[in-house]
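>>> Got a predicted structure here, sequence first:
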Amino acid sequence: MIPTLEHVNCAVCGDDDTRVVYRKQASSGHTYSIVQCRHCGLAYVNPRLSQETILGTYRDPSYFQRGAAQFTGYSDYTADRELHELFFRGQLARLERRGGTGKILDVGCAFGYLLNEARRRGWEVQGIELSGNAIAYARDELQLPVREVPLREAGFPAESFTAVVMNDVIEHYGDPAAELREVHRVLARGGALMLHTPNFDSWWRLWMRSQWVHLKPEEHLYYFAPATITRLLANSGFAVAHARACGKTTNLNYILGVLKKYSPAAAAGARHTLGRLPWARTPFHFRGGGMEILALKR
């Protein structure tokens, strides 16, 4: 069945003059266009699924445990808990070097691993998540305060947080500018927003082109580069402290799991040999095409 699509203008400059960069077939079988604004350079899916349709994907209880064959969601988020926690500790350390601890909001907090570590370090914590099984784990197992609503429906008081974290979230929003305006509203003056998102300027994208792992047009609607995310943040009242390439903590088995999405036979052979090595689950830092942005509320 052909999905119902909507046409949108550029989220950064509002223009509607674009060129097609890639055509990408999604797991549903439909082929989408990833376009680039000729005025500001933002890359995005157009036309695209409506935000209401995509929200249903995130609310699916299996979103964080889809298995290696699925391109949307995560293969098994909980199995990689150690990797996520190592990454989150680094983020929190960078936030704390700028202003110590305070009250932190994690938008799209998944199973709550960042919030759990932040609480241990002395932060007052709050999360937002849409996936039911992730919320249940964060609330019941980790005893974390997590709301099951989108950010703009949460109704947090103005200037109620000293830090907001959005890991691999901004690229999913249908209206990222509106979400950033809400983040600006709930942040205290001088408060910090930390973002992690795929980097359209990364050499991984330039090398892999249409096979870049982050090209998921039924899930990732926007593909920011340092210049476009900086401009969007400036439009929303933020000053960018840094926008730079940033890797994540991974291990060989995780990488083989990603490879399985593209070449099951090659991944099976590699897992049979390399995956059995003693160090296959040893964590290491890997730059896979992401970037970190730290922005301060003006």
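Right, received. Where do you want to start?
>>> mind checking the longest strand of the protein?
When the chain is parsed with DSSP state E, its longest strand is strand 187-198.
>>> okay, and for this protein, where does confidence drop off?
1, 65-75, 252, 254-280 (pLDDT under 70).
>>> ok, now with 50
Residue ranges of the chain with pLDDT under 50: 69-73.
>>> The most centrally placed residue in it: what's it in contact with?
Central residue check for the chain by C-alpha atoms, centre = their mean: the C-alpha nearest the mean position is that of Asp168, 0.7 Å away. Counting by C-beta atoms under 8 Å, 6 or more residues apart in numbering, Asp168 touches 108, 196-198. Just so you know, the C-beta spots here come from the backbone N, C-alpha and C atoms, and that holds for glycine as well.
>>> In a markdown table, list these along with neighbour count and distance to Pro3.
As requested, those are exported to a markdown table (neighbours: other C-beta atoms under 10 Å; distance: C-beta to C-beta, whole Å):
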| residue | neighbour count | distance to Pro3 |
| --- | --- | --- |
| Gly108 | 20 | 23 |
| His196 | 20 | 28 |
| Thr197 | 26 | 24 |
| Pro198 | 25 | 22 |
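>>> I'd like the next helix or strand past the longest strand of the chain.
helix 203-208 (DSSP states H and E).
>>> What strands line up against the helix or strand just after that next one, and which way round?
Per DSSP H and E, the first helix or strand lying C-terminal to helix 203-208 is strand 222-223. In the sheet, strand 222-223 lines up against strand 43-45 (antiparallel) (DSSP bridges).
>>> what residues does the helix or strand following the partner strand touch?
Once the chain leaves strand 43-45, the next helix or strand it forms, by DSSP H and E, is strand 48-49. Applying C-beta under 8 Å, 6+ apart, the external contacts of strand 48-49 come out as 3-6, 8, 32, 217-218, 221.
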